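> Quick one: sequence plus predicted model below, questions after.
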Amino acid sequence: MGMDGSKLLGEIIECVREGVYAIDARRRIVYWNRAAERITGHGRSAMLGKVCRETPLQHIDGKGNRICEEGCPLQRALISGEGVEHEAFLKRSDGERIPVSVKTTPLFDGGVAMGAVEVFSPISPTLYDDELITRLASSAMADPLTGIPNRRRAEGFLDFRLMEAARSPLKVCVLFMDIDNFGAFNNSRGHGAGDEMLRAVTGEITKITRSTDLFARWGGEEFVGIYMVKYDADAEIIAEKARATVEAASIEYEGERLSVTVSAGATIARGGESPESVVERADSLMYASKQAGKNRVTTDAAASGGRYTEPPAITPPPSPKIPVAHSPLRASRRANPYAPDLLDEGWRAQPIPLYGRRVGRTRMRPTS
């Protein structure tokens with residue numbers, strides 16, 4: 001009696017030298033072959049069911065980008081419906097890093113990408129110290145003065161979030177913030193005080209930034225925040241919270257209590273918009289705040305008379321049937337194509353009419 005075709009395929013995949021694993025539409029690992037165990041040292045039972053970004057593999061590319069955090073090839077394959085090839089360093093169970101060649105391919109059911117398969121193999125037997133690789137990656141993507149993400153990381157993060165938003169009911173909000181009169185502050189107080197103030201400002205904003213969002217130093221005294229939101233009106237809520245947080249912060253320097261204010265612009269990315277376009281618009285809105293008197297925020301909603309739009313209703317595709325043979329864990333019948341880490345922590349703010357008096361901002365909710 002001949003062997004069933006799907007079972008035969010499963011046996012073949014178990015025998016190949018390349019590591020192979022598959023995810024469902026929620027990015028949970030549903031298959032992990034023997035070669036993947038051998039190459040990484042991570043057993044099948046430890047990997048199945050984990051969301052790919054939460055695995056101990058912690059992919060880092062040659063430029064220092066943390067691939068699983070911003071630019072995940074599996075997520076790109078799910079969203080674009082196209083294969084992705086790249087090289088990366090993955091972390092083995094013994095703590096060492098090994099360079100691998102990776103190819104990711106989407107899995108389709110009825111024309112809809114409902115999962116993806118990643119095939120990887122070592123490029124060389126050379127192992128690299130994880131601490132060294134991690135340190136190099138961090139230095140490449142972080143601002144040396146403040147320790148927060150730099151412009152390079154923000155650009156990659158924004159590009160990926162815009163691509164995710166194409167399949168998500170959430171929207172991308174970009175905040176552009178500039179410290180008011182910072183040149184004069186440096187000239188009168190000295191660059192030492194200026195550096196301390198930059199660290200204080202970034203430290204306070206970082207405290208109010210969710211793990212799924214990003215706040216980065218764009219350059220000099222300019223900063224960019226990237227957030228996933230539900231309503232257009234949330235842009236002003238985020239920007240005003242950042243403005244008020246900076247206004248309330250201060251440092252003690254050479255016996256003086258020093259503080260600064262910021263002007264900010266916030267906008268919601270439009271469908272199909274490029275990262276450069278949305279940042280440029282947020283920058284223009286920030287300059288509008290400068291011209292209006294500084295220490296305030298300006299948003300698209302304020303410019304349009306306080307109108308907002310609710311996200312369109314999105315109907316999830318049918319339950320997945322991922323053709324992964326010989327898998328010990330079947331794909332969830334309730335798979336969701338939207339990234340759960342974004343939805344679970346989504347902004348809960350309700351849309352509000354943006355009217356009222358000017359108090360340190362362009363528009364402000366009236367108090368009850």
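Thanks, I have it.

> Any idea how many residues pack against residue 299?
Using other CB atoms under 10 Å, residue 299 is surrounded by 33 other residues. Where C-beta positions appear, they are placed from N, C-alpha and C, glycine not excepted.

> any idea whether residue 57 is helix, strand or coil?
coil (DSSP: H, G, I helix; E, B strand; the rest coil).

> Skipping adjacent residues, who's closest to it in space?
residue 90 (4.6 Å; CB to CB, 6 or more residues apart in numbering).

> Please name the residues that touch that neighbour.
For residue 90, the contact set (CB atoms under 8 Å, 6 or more residues apart in numbering) comprises 40, 57, 58, 59, 97, 98, 100, 120.

> could you redo the last one with a cut-off of 10 Å?
19, 39-40, 42, 55-60, 67-68, 96-100, 102, 120, 122 (CB atoms under 10 Å, 6 or more residues apart in numbering).

> how close does it get to residue 40?
Going from residue 90 to residue 40 by CB to CB, to the nearest Å gives 7 Å.

> Same check on residue 251?
The value you get for residue 251 to residue 40, if CB to CB is used, is 46 Å.

> Pick out whichever of these two has more residues nearby.
Taking other CB under 10 Å, residue 251 and residue 40 do not tie; residue 40 has more neighbours (24 against 15).

> First-to-last residue distance for stretch 247-264?
End-to-end distance of stretch 247-264 (CA to CA, to the nearest Å): 12 Å.

> Okay, buried residues for that stretch please.
Across stretch 247-264, burial judged by 16 or more other CB atoms under 10 Å covers 249, 253, 258, 260, 262, 263, 264.

> And stretch 269-287, by the same measure?
So, applying 16+ other CB under 10 Å, buried residues of stretch 269-287: 269, 275, 278, 279, 281, 282, 283, 285, 286.

> burial count for the nearest residue to residue 179 once chain neighbours are set aside?
Nearest non-adjacent residue to residue 179, counting by CB to CB, 6+ apart: residue 221, 4.0 Å away. Using other CB under 10 Å, residue 221 has 21 other residues around it.

> repeat for residue 292
When neighbours are counted by other CB under 10 Å, residue 292 registers 15.

> you'd agree it is up against residue 263?
Yes - here residue 292 reaches residue 263: they are 8.4 Å apart, a contact under CB atoms under 10 Å.

> Over to residue 12. Which of the three states is it?
Recorded secondary structure, residue 12: helix (three-state DSSP).

> And the pLDDT for it?
The model reports residue 12 with a pLDDT of 76.

> Ok, residue 267 next?
Reported pLDDT for residue 267: 97.

> what's the neighbour count on it?
Counted with other CB under 10 Å, residues neighbouring residue 267 total 29.

> Mind listing the residues bridging to it?
With DSSP bridges as the criterion, residue 267 is bridged to residue 174.

> For it, give its distance to residue 226.
11 Å.

> Residue 286 too?
In terms of CB to CB, residue 286 sits 15 Å off from residue 226.

> same question, residue 247
When residue 247 is compared with residue 226 (using CB to CB), they lie 22 Å apart.

> do the same with residue 91
According to CB to CB, residue 91 and residue 226 sit 26 Å apart.

> more neighbours, these two?
Higher neighbour count among residue 91 and residue 226: residue 226, with 28 against 22, using other CB under 10 Å.

> so that one makes contact with residue 171?
No - if you go by CB under 10 Å, residue 226 and residue 171 don't touch, sitting 11.5 Å apart.

> Are there residues contacting both of the two? Which ones?
With CB under 10 Å, 6+ apart, residue 226 and residue 171 have common neighbours 161, 269.

> and the longest strand for this protein?
strand 96-109 (DSSP state E).

> And that one, what does it pack against?
Here strand 96-109 touches strand 19-24, helix 34-40, helix 73-80, strand 84-91, strand 112-122, strand 128-129, helix 130-141, going by 3 or more CB pairs under 10 Å, 6 or more residues apart in numbering; DSSP states H and E.
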